[in-house]
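A.B. asks: Fold the following.
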Amino acid sequence: MLLKNSRIVLAFFFFALIVLSSPIKNCKKNESGSKHKEKIDDVKVTDKIQMIDQNLRISQIKGNYGLDEFINRKGISIDKEIINFLKSDNLISKNANVTIDFPSFGCSSFSVPKSTGNGYYFGRNYDWMEFENMIMLTYPENGYSSISTICLSFLKDHSKSLTDEEFKYIAAYLPVDGMNNKGLTVSVNMIGVLKAEQDTVKPDLTTTTAVRLLLDKASTVEEAKKLLESYDLHQSFGAFIHFAITDAEGNAIVVEYIDNKINYIDSPINENFILTPGELYGSYYIKDENGNSVPKKTSQDRYQIIKKNLEKHPKMTREQVRDTLSAAQQEITSWSVIFDKEKKEAYYYNHLNYSHGFHVKL
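C.D. replies: Residues are numbered from 1 along each chain as shown. This is a model prediction of the structure:
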């Protein structure tokens, strides 16, 4: 009897060794058949600034952060005036030693119908090697609530004296992408160093303050157009940028400023080259040895990746949107985000980690 029991124990031990030494396989594929096996963290957002991943923070502002006062003062034309405005409105200390510096960056974005229901996804890669970033939820007293993303490399607190509240007030005026509770999305993509400086009697906006204005005050693409047309744009970064704007009904445009004139292009995809039809189409501007702006072809490969995926999947699951962003990423992709316009929620993937997402809901 003892011998028989010993054999049973040895057999069980041997079987356990085989199982433990075998590779673990996930037999159930996700909806897209993707190689990514996902972990999603539901993030509970508070008024405190939380570090939810390496170099990725999140927080929220409820109430007034000065946008209506900003509009009444006819906006700003230079990025550093954001700090002066916040000081004059007593939102940050007058002694704050803060500057705003915008590096160059590249990006990809696209809009696509959801595979189920009538909603839309908006996917976006932000490509920049420095990746100290922040997700911000804003709930203004007089405007639409929104989720937006800020590249904190823009913000330099030289004396390290900003309070969390002051830090958030500045960050609120520096978004480079976002979605509001009406399903309007906005993202900024870089094109090069050809800069637009509109100069009329209209009030003024810089790139990131334009994003904040659109998220807070526009619910559709048509409303976004009217807002932009009522302001002079002074582009941040010292470079030519364009906006991708989409809404809950699936309308999708790219906004470009050519010779200081605003152009709208119907396109679900935005990349780092000019989409306005004509001789400039497909160009990315750089400076030659004489300081003149000259066109250079670029970003076509990422554009084609997204285009082919949209042709293959005219409607997508969230996983397919994620995998398309992954296919179009660069080594310097700082974050990828998927905005669900129907559910008013976002999924963030930090610095190329498409196996670990952060779920944020308005």
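A.B. asks: use CA for all of it now, contacts and neighbours both
C.D. replies: Will do.
A.B. asks: send the alpha carbons of stretch 154-174 over as CSV?
C.D. replies: Extracted C-alpha coordinates of stretch 154-174, given in CSV (Å, rounded to 0.1, in the frame of the first residue of the first chain):
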residue,chain,number,x,y,z
PHE,A,154,6.7,72.2,-22.4
LEU,A,155,6.5,73.4,-18.8
LYS,A,156,9.7,74.6,-17.0
ASP,A,157,9.3,75.3,-13.3
HIS,A,158,12.7,76.8,-12.6
SER,A,159,12.3,77.5,-8.9
LYS,A,160,10.3,74.3,-8.2
SER,A,161,7.8,76.4,-6.3
LEU,A,162,4.5,75.8,-8.0
THR,A,163,1.8,74.3,-6.0
ASP,A,164,-0.2,71.3,-7.4
GLU,A,165,-3.1,73.7,-8.0
GLU,A,166,-0.9,76.2,-9.9
PHE,A,167,0.7,73.4,-11.9
LYS,A,168,-2.7,72.2,-13.0
TYR,A,169,-3.9,75.7,-14.0
ILE,A,170,-0.9,76.1,-16.3
ALA,A,171,-1.3,72.5,-17.7
ALA,A,172,-4.9,73.2,-18.5
TYR,A,173,-3.7,75.7,-21.2
LEU,A,174,-1.2,73.4,-22.8
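A.B. asks: Give the buried residues for it.
C.D. replies: Within stretch 154-174, the residues that count as buried by 16 or more other C-alpha atoms under 10 Å are 154-155, 162, 165-174.
A.B. asks: Same check on stretch 111-124?
C.D. replies: Applying 16+ other C-alpha under 10 Å to stretch 111-124 flags 111, 112, 113, 114, 115, 119, 120, 121, 122, 123, 124 as buried.
A.B. asks: Make TSV out of those and add pLDDT and secondary structure.
C.D. replies: Converted to TSV, these look like this (pLDDT from 0 to 100; DSSP: H, G, I helix; E, B strand; the rest coil):
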residue	pLDDT	secondary structure
111	98	strand
112	98	strand
113	98	strand
114	98	strand
115	97	coil
119	97	coil
120	98	strand
121	98	strand
122	98	strand
123	98	strand
124	97	strand
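A.B. asks: what's the farthest-apart pair in those?
C.D. replies: 115 and 124 (18.2 Å; C-alpha to C-alpha).
A.B. asks: which non-adjacent residue is nearest the residue nearest the centre of the chain?
C.D. replies: Most central in the chain under C-alpha atoms, centre = their mean is residue 177, positioned 3.7 Å from the mean C-alpha point. Closest residue to residue 177 apart from its sequence neighbours, by C-alpha to C-alpha, 6 or more residues apart in numbering: residue 187 at 4.1 Å.
A.B. asks: Quick one: neighbours of the one you found, just the number.
C.D. replies: 29 (other C-alpha atoms under 10 Å).
A.B. asks: Please look at it and residue 245 and confirm they touch.
C.D. replies: Yes. Counting by C-alpha atoms under 8 Å, residue 245 is a contact partner of residue 187 at 6.8 Å.
A.B. asks: can you pull out the helices in the stretch 1-150 of the chain?
C.D. replies: Ranges of helices in the stretch 1-150 of the chain, per DSSP state H, counting those that start in this stretch, are 2-21, 67-72, 81-88.
A.B. asks: re the thing from before, please, which helix or strand holds the residue nearest to the centre of the chain?
C.D. replies: Taking DSSP states H and E as the criterion, residue 177 maps to strand 175-180.
A.B. asks: which residues sit against that strand?
C.D. replies: Under the criterion C-alpha atoms under 8 Å, 6 or more residues apart in numbering, residues 144-151, 185-188, 208-209, 211-212, 215-216, 219, 339, 341, 344 lie in contact with strand 175-180.
A.B. asks: Just after that strand, pick out the following helix or strand.
C.D. replies: Following strand 175-180 in sequence, per DSSP H and E, is strand 185-192.
A.B. asks: for the protein, what are the low-confidence residue spans?
C.D. replies: Within the chain, the stretches with pLDDT under 70 are 1-36, 102-105, 130, 192-194, 237-239, 285-289, 291-298.
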